[in-house]
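In: Need coordinates for the below:
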Amino acid sequence: MIEAFVFDAYGTLFDLAALTRACENQWSNQGAAVADLWRRKQLEYTWLRTLMTKYQPFSAVTAAALRFATEAHGVNLSDAATAQLLSTYRELPPYPEVAKTLRALKAGGRRLSILSNGSPDMLEPLVAHSGLAAELDCVLSVDSLAAFKPAPAVYQFASHRLGVDMSRIGFVSSNGWDIAGAHAAGLTCFWINRARLPAEGLGAEPKAVLGSLDELLPFAR
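Out: Got it, this is the predicted structure:
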């Protein structure tokens, strides 16, 4: 029986499309490309910094990735634009079905947590702005471990903090690589594949591939 559900934040509970819109507002016709490279470079930096044991908080990684993306596309990045774009991360909207789904899971007696690469200075205002705080038992950041996903210690951290055995945690993410990491660590995984992407070739088999978060509810009965 699954006693707790642990959720990735970005792209799973919170819609990253707001970042693309914000970039388009800054750089018309180039914003989408900047946003795509920004996200890809952000993830690459987390993986590389963990491998190199050169940790920096996700807020610093995110700022560095934004600088790279704008330089690569040859667009100007002012201090004001930097502040505005980084602030967007603290105000991302939840997907429409998220609040109702979390309430239903909580009413069913499940413990609920976020487990994110995000640093506390990003996650705390994001959760407060979203209105989801009351549904969550805790919000866990990798910052206390100084290592990013998919390091096994990150997923084990969730089990330790929740006091729930790994085998009784359902891990939910929209990122295939994150699912692979959680699966390797021993969690039961649910992949929210909104973009209908192919599975990563990493040998991970989620318990279910879902189109939206509310499709998780039958697995909590």
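In: Please name the nearest non-neighbouring residue to residue 124.
Out: residue 139 (7.3 Å; CB to CB, 6 or more residues apart in numbering). No exception for glycine: its C-beta is placed from N, CA and C like everyone else's.
In: ok, how many other residues are close to the one you found?
Out: For residue 139, the number of neighbouring residues by other CB atoms under 10 Å comes to 20.
In: Provide the secondary structure category for it.
Out: The assignment at residue 139 comes out as strand when based on DSSP: H, G, I helix; E, B strand; the rest coil.
In: In the protein, what residue spans correspond to strands?
Out: 4-7, 111-116, 138-141, 169-173, 188-192, 208-210 (DSSP state E).
In: With mean pLDDT and distance to residue 91 as new columns, can these be given to me in JSON lines?
Out: Converted to JSON lines, the strands of the chain look like this (pLDDT from 0 to 100; distance: least, CB to CB, whole Å):
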{"stretch": "strand 4-7", "mean pLDDT": "98", "distance to residue 91": "18"}
{"stretch": "strand 111-116", "mean pLDDT": "98", "distance to residue 91": "16"}
{"stretch": "strand 138-141", "mean pLDDT": "98", "distance to residue 91": "16"}
{"stretch": "strand 169-173", "mean pLDDT": "98", "distance to residue 91": "21"}
{"stretch": "strand 188-192", "mean pLDDT": "98", "distance to residue 91": "21"}
{"stretch": "strand 208-210", "mean pLDDT": "98", "distance to residue 91": "26"}
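In: Deepest in the core, which of the ones you listed is it.
Out: strand 169-173 (a mean of 27; mean count of other CB atoms under 10 Å).
In: what packs against that strand?
Out: Using 3 or more CB pairs under 8 Å, 6 or more residues apart in numbering; DSSP states H and E as the contact definition, the elements that strand 169-173 packs against are strand 4-7, helix 152-162, helix 176-185, strand 188-192.
In: ok, 6 Å please
Out: Contact analysis of strand 169-173 by 3 or more CB pairs under 6 Å, 6 or more residues apart in numbering; DSSP states H and E lists strand 4-7, strand 188-192 as its packing neighbours.
In: Which strands border that strand, and is each parallel or antiparallel?
Out: strand 4-7 (parallel), strand 188-192 (parallel) (DSSP bridges).
In: Give me the mean pLDDT for stretch 85-95.
Out: Stretch 85-95 comes out with an average pLDDT of 97.
In: Any idea how far apart the tips of it sit?
Out: One end of stretch 85-95 sits 20 Å from the other (CA to CA, to the nearest Å).
In: Only the buried residues of it, if you could.
Out: Judged by neighbour count using 16 or more other CB atoms under 10 Å, the buried positions of stretch 85-95 are 85, 88, 89, 90, 92, 94, 95.
In: repeat for stretch 186-202
Out: Residues 186, 187, 188, 189, 190, 191, 192, 193 are the ones in stretch 186-202 that count as buried (16+ other CB under 10 Å).
In: just for this protein, where's the confidence low?
Out: Applying pLDDT under 70 to the predicted model, the chain contains no residue that meets it.
In: Domain boundaries for it, per the record?
Out: Annotated domains of the chain cover 4-15+94-220, 17-88 [automatic domain parsing].
In: Out of the ones you listed, which is the most enclosed?
Out: domain 4-15+94-220 (a mean of 19).
In: Tell me how far it lies from the chain's centre.
Out: 8 Å (CA atoms, centre = their mean, to the nearest Å).
In: Likewise for stretch 6-23?
Out: Put simply, stretch 6-23 sits 8 Å off its chain's centre (CA atoms, centre = their mean).
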